[in-house]
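Q: sequence plus the predicted model coming up.
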Amino acid sequence: QLQLVESGGGLVQAGGSLRLSCAASGRTFSNYIMAWFRQAPGKEREFVARISNTGAYTSYADSVKGRFTIFRDNAKNTVYLQMNSLNPEDTAVYSCAGRHYLATHSEYDYWGQGTQVTVSS
């Protein structure tokens, strides 16, 4: 099992920044593709960003492109989400997820418990 624990959420004013962290344990972290998802109240969970197991490749949802950056430190078994220029529409519970890089399916197998991000206007 890959255990994932998020931290770094909180309340921030519009235009501000937050950095989320997701600490992993239990498996070889560098073997896992990692992603961030978010779910706002009353809405479906949506993809935010993804990073390859080596960190060489990243992808983003259009809604966060240019404002959010995903990166990882495999030596620290941690993936991060740097969020800049936050707006109230970014308010959601943010969760990290992992999938083994050799997995043949696209779903993520491991999920953290989530961390709340609230952006006030």
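A: Okay, I see it. Residues are numbered from 1 along each chain as shown.
Q: and the contacts of stretch 51-64?
A: 30-35, 46-50, 68-72, 74, 79, 83, 89-90, 101 (Cβ atoms under 8 Å, 6 or more residues apart in numbering). All C-beta atoms are positioned from the backbone trio N, CA, C, and that covers glycine.
Q: I should have written stretch 76-89 there, sorry.
A: By Cβ under 8 Å, 6+ apart, stretch 76-89 touches 12, 14-25, 29, 34, 36, 40, 48-49, 51, 63-64, 67-73, 90, 94, 96, 117, 119-121.
Q: mind listing which of those are in strands?
A: Among the contacts of stretch 76-89, the members found in strands (DSSP state E) are 12, 18-25, 34, 36, 48-49, 51, 68-73, 94, 96, 117, 119-120.
Q: what subset of these is buried?
A: Listed as buried from those are 12, 18, 20-24, 34, 36, 48-49, 51, 68-70, 72, 94, 96, 117, 119; burial here means 16 or more other Cβ atoms under 10 Å.
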